[in-house]
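Colleague: Prediction below, plus the sequence it came from.
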Amino acid sequence: MKLTLWTYEGPPHVGAMRVATAMRNLHYVLHAPQGDTYADLLFTMIERRNHRPPVTYTTFQARDLGADTATLFKTACQDAATRFQPEAMIVGASCTAELIQDDPGGLADGMGLSIPVIPLDLPSYQRKEGFGTDETFFQIVRHLAKPTPRTEQITANLIGPTALGFRHRDDCTEVTRLLADMGIGVNVVAPLGASPSDIARMGAAHFNVLMYPEHAETAARWLEREHSQPYTRTVPIGVGATRDFLAEVARITGLPAREDSARLRLPWWTRSVDSTYLTGKRVFIFGDGTHVAAAARIAREEMGFEVAGLGCYNREMARPIRALARDYGVEALITDDYLEVEAAIAALHPEMILGTQMERHIGKRLGIPCAVISAPVHVQDFPARYSPQMGWEGANVIFDTWIHPLVMGLEEHLLHMFRDDFEFHDAAGASHHGGQHVPAPATSSVPSDDKGATATPVAAGDAGSMPAEAAPPAAVAHTTPELADPTAILWLSDAERELKKIPFFVRGKARRNTETYAAQRGVTSISVETLYEAKAHYAR
Amino acid sequence: MTARGCTNTPVLKERGQREVFCGLTGIIWLHRKMQDAFFLVVGSRTCAHLLQSAAGVMIFAEPRFGTAILEEKDLAGLADAQTEIDREVARLLARRPDIRQLFLVGSCPSEVIKLDLARAAERLSAEHAPHVRVLNYSGSGIETTFTQGEDACLAAMVPGLPQTEAKELLMVGALPDVVEDQALALLAAMGVGPVRCLPARRSADLPAVGPNTVVALTQPFLGDTHAALMRRGAQSLSAPFPFGEEGTTAWLQAIATEFSVSPEVFEAVTAAPRARARKAVAAQAQDLDGKSVFFFPDSQLEIPLARFLTRECGMTAIEVGTPYLHRELLASELELLEEGPVLSEGQDVDLQLDRVRTARPDLTVCGLGLANPLEAEGLATKWAIELVFTPVHFYEQAGDLAGLFARPLRRRNLLSGLAPRVEAAE
Ligand code: SF4
Ligand code: SF4
């Protein structure tokens, strides 16, 4: 048993739903109790889908348990086949059905339906959503992909995009353009938008573009083995990775790598002088392994950031992410416990977080700006506009979204100039943040009982489309590591005054640096002198 | 009494796929109401995922609910599971000294493997007394639908309530504090008292119960809690539920009669808020008058709400679905609801979707999973979950309640210039 307050990944059958919902003319019969239908709202509300996920839940109840849940399952299968007329069905059990051991695959098999029925075996008590997408897609491909002659033109399948993915819709468009620039066509995109008959003709492609290893690596490997289709290892997120991707495609196809990057703006935007302020910004990166690896490379090589820490929540990617972390000289955090992630961020004091929906919330609590780079994401990360992560346009989008939560270079300069103006006060935050940005809460000063400062919940003003809830009246004190430090350091009043003159967005850091500096030297009271000694010490 | 409304209307009972939440969902509002309680679900990753998806917004550092996720090794042997619960609870309580009430909440997996949470609660109660009381109930989807989780939770609290002989009013149902305070103020002004609430905001204020307790339910889905209170000898009031001006007045009237409040006092206390409520409802009803409404089953609030919309807002009900129809508790509501709509209990969602497509109502009240798909088919919808998450009871919220239904219709009018083509997500 493990206590979980929030989870990055749902159960594996939700992964299967992401595949089924992405596809057309496929139906999923899920042996499950009524409450499991909550998963529909992930697709209809968060992703704003305009149709129900193609899922029939058998809805067994307590009174059915001793009786005949198997018949219930068969009836549901038959009804779904008749009503929805799918080209193929996938069948499986949710966590509860797994316990009653009805064997949905066997039952459906014995029904003699005229369409292919693909049984899913998704161990709910061991694996999670990511496994669910990968395994489901693999099973569908394995059952449906037929040996097919190659297309005349060189073509690729784009594999991995699912429902509820982070920018999958737009990534497909972007990758299609990248390939078109090289004269390569797209045979099938799957699972997103594919029907079972499309899956059947996947073998016609000359190779596969593995867009998201999380969702399609097993299928890619199988297709390589069974259909002799090589697949790409590079995920084209970022300028460097996109170039590497094109080179890889050139190697696979024998075509010359053609790069039509007229629409790429990131390199100039990041070189222009306003971006100087980005130099060496310390970022913490967390999300799914693929997006984290891509973000780390962009952060270091294309934004000039310093990667202060990184990690992923999907254990399947633990190995490559650990290796990556070594390369960056940091230790990888592999966990699906957001409290551990929060503690790591609080300890590292990064200037920015690149993460998921949860790191955005952590950032709000800690007063650290955050940009979202990975699923799970919420409703506002399914934008109406075109905003891919992959390819040239993806790089432009990433530049914009990453710097958006930061204070702009010029603005930083002006804030500094006007810091003593009567109209300027720290609490105002930066002008373009629309009240969302909370200035960093002051860290511990002399008093020992200011725990309330870090426990304050973020204002409820940013409620999403879900029912808005006011902040809980009895939020629990959430002690950050430095508050627990018993060795209180005293700030002399002139030093405290001097500290206040430092712009708020660097003040927290100045305070911490000074305190660390003092602590290391056994200094117990901080004077103006100490403040500037510390500043000199940390100056890079 | 001549007109008996829908009292004798035959009910269409359906059994098929449902599109409803399970009782675990109630934790979302129960934990906010009970400020020193923690809800520990013993279940699967699905249960945890349901809770966070239904909560939607998580803006606080550590919520007062969580899931002890069963793992492969827990499923192997049960003795082991009890120790695991003890360990998780001890760890939790050590970290959260503010917790005074702990609910062990059963789920489908814990019910199927017959994990005895009652035994666990008893043992843990003894261990952590007097600081923490540990109770258990089931919010599993194989036994409870959505709001039945609150019913199960409150019912579980009843046997432990202290005994009293005093004549007291017990208001039952987890209402937002602001709404509860309004009701308490009205009752106090009428001289009705003492008034207690179940659930109480803090465990120290738990009400007592006995033969002179008068129970006034504020929610129609509290059948088991009601029965448990009756077993403790309490008296029951029969009244419509306090939705809208009419429902609120009738509900208060039943209490006033029981507590011998004079008609003059009743009039003096209720006249002004009644007038305000009527005015507020009338303003919203302009958009609702003459329109038809279709309820998918969700919270068991459907029949009282249909009564409000048809009698105070001028709407016609086509179908009123409810997950479960408790005839005894809803007797007054059924009398008031004019004959005409189909009453349905349970669900076969595909058949019901066929009916709503045929009927093409002006407004469909349904769950979050169905709302956007129906909008895409050109039907205006109101998501039902908001009706349990938002303050909607009593006079001052009557206008807001009507507004929840009016807003989707107003929005449609505002956007009528846009092409009806709806962009697919994919
Ligand atoms: S229906 Fe059962 S398994 Fe599903 S979330 Fe509810 S309690 Fe958990
Ligand atoms: S603030 Fe709301 S909308 Fe934004 S990520 Fe959190 S829950 Fe989602």
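Modeller: Received it, and whenever you're ready, just let me know what you need. Ligands and ions are numbered 1, 2, ... in the order given.

Colleague: interface residues of the stretch 1-150 of chain B facing ligand 1?
Modeller: Residues of the stretch 1-150 of chain B found near ligand 1 (Cβ under 6 Å from any ligand atom) are B:Cys22, B:Leu24, B:Gly43, B:Ser44, B:Thr46, B:Cys47, B:Leu50, B:Ser107, B:Cys108, B:Ser140, B:Gly141. Just so you know, the C-beta spots here come from the backbone N, C-alpha and C atoms, and that holds for glycine as well.

Colleague: which of those tops the neighbour count?
Modeller: Most neighbours among those, by other Cβ atoms under 10 Å in any protein chain shown: B:Gly141, with 37 neighbours.

Colleague: Hmm, B:Thr25 and that residue touching each other?
Modeller: No: with contacts counted by Cβ atoms under 8 Å, B:Gly141 stays clear of B:Thr25, the gap being 9.7 Å.

Colleague: list residues touching both of the two?
Modeller: Common neighbours of B:Gly141 and B:Thr25, using Cβ atoms under 8 Å, 6 or more residues apart in numbering or on different chains, are A:Gly35.

Colleague: What helix or strand is B:Leu135 located in?
Modeller: Per DSSP states H and E: B:Leu135 is located in strand B:133-138.

Colleague: Tell me which other helices or strands that strand touches.
Modeller: strand B:101-106, helix B:117-128, helix B:148-157 (3 or more Cβ pairs under 8 Å, 6 or more residues apart in numbering or on different chains; DSSP states H and E).

Colleague: Walk me through which strands that strand pairs with, and which way each runs.
Modeller: Next to strand B:133-138 in the sheet, as set by DSSP bridges, lie strand B:101-106 (parallel).

Colleague: so for the strand it pairs with, what's the average pLDDT?
Modeller: Mean pLDDT, computed over strand B:101-106, is 98.

Colleague: now it: how far from the chain's centre is it?
Modeller: 18 Å (Cα atoms, centre = their mean, to the nearest Å).

Colleague: same deal with stretch A:192-203?
Modeller: With Cα atoms, centre = their mean, you get 27 Å for stretch A:192-203.

Colleague: Also stretch B:271-284?
Modeller: Worked out by Cα atoms, centre = their mean, stretch B:271-284 lies 24 Å from the chain centre.

Colleague: ok, residues contacting it?
Modeller: Contacts of stretch B:271-284 (Cβ under 8 Å, 6+ apart): B:186, B:244-245, B:248-249, B:312-313, B:395-396, B:398-400, B:402-403, B:405-406.

Colleague: Please name the residues that touch A:Ala318.
Modeller: So A:Ala318 contacts A:Gly289, A:Cys312, A:Ala332, A:Ile334 (Cβ under 8 Å, 6+ apart).

Colleague: Most neighbours among those residues, please name it.
Modeller: A:Cys312 (30 neighbours).

Colleague: A:Trp6: neighbouring residues, count only.
Modeller: For A:Trp6, the neighbour count with other Cβ under 10 Å is 22.

Colleague: give me the element it is part of.
Modeller: Applying DSSP H and E, one finds A:Trp6 in no helix or strand.

Colleague: show me where the stretch 251-400 of chain A has strands.
Modeller: A:282-287, A:306-312, A:332-334, A:352-355, A:370-372 (DSSP state E, counting those that start in this stretch).

Colleague: Return the list of strands paired to the third one, each annotated with direction.
Modeller: In this case it means strand A:332-334. strand A:306-312 (parallel).

Colleague: how distant is the strand it pairs with from the center of its chain?
Modeller: Per Cα atoms, centre = their mean, the centroid offset for strand A:306-312 relative to its chain is 14 Å.

Colleague: what residue ranges in chain B score low on pLDDT?
Modeller: Low-confidence segments of chain B, defined by pLDDT under 70: B:1-3, B:56-61, B:77-79, B:419-426.

Colleague: 50 - rerun?
Modeller: B:1, B:59, B:425-426 (pLDDT under 50).

Colleague: Could you find the closest non-adjacent residue to the closest residue to ligand 1 within chain A?
Modeller: Ranking the residues of chain A by distance to ligand 1 (Cβ to the nearest ligand atom) places A:Gly35 first, at 2.5 Å. The shortest distance from A:Gly35 to any residue other than its chain neighbours is 2.5 Å, reached at B:Cys22 (Cβ to Cβ, 6 or more residues apart in numbering or on different chains).

Colleague: of all the contacts of stretch B:271-284, which comes closest to B:Gly369?
Modeller: B:Phe405 (19.5 Å; Cβ to Cβ).

Colleague: Now do the same contact list for that closest one.
Modeller: B:Gln284, B:Leu288, B:Val293, B:Leu309, B:Cys313, B:Met315, B:Leu363, B:Val365, B:Lys382.

Colleague: before we move on, what about B:Phe38?
Modeller: B:His31, B:Arg64, B:Phe65, B:Gly66, B:Leu92, B:Arg96, B:Ile99, B:Gln101, B:Leu102, B:Phe103.

Colleague: Residue in the stretch 151-300 of chain A with the shortest distance to ligand 2?
Modeller: A:Phe166 (12.6 Å).
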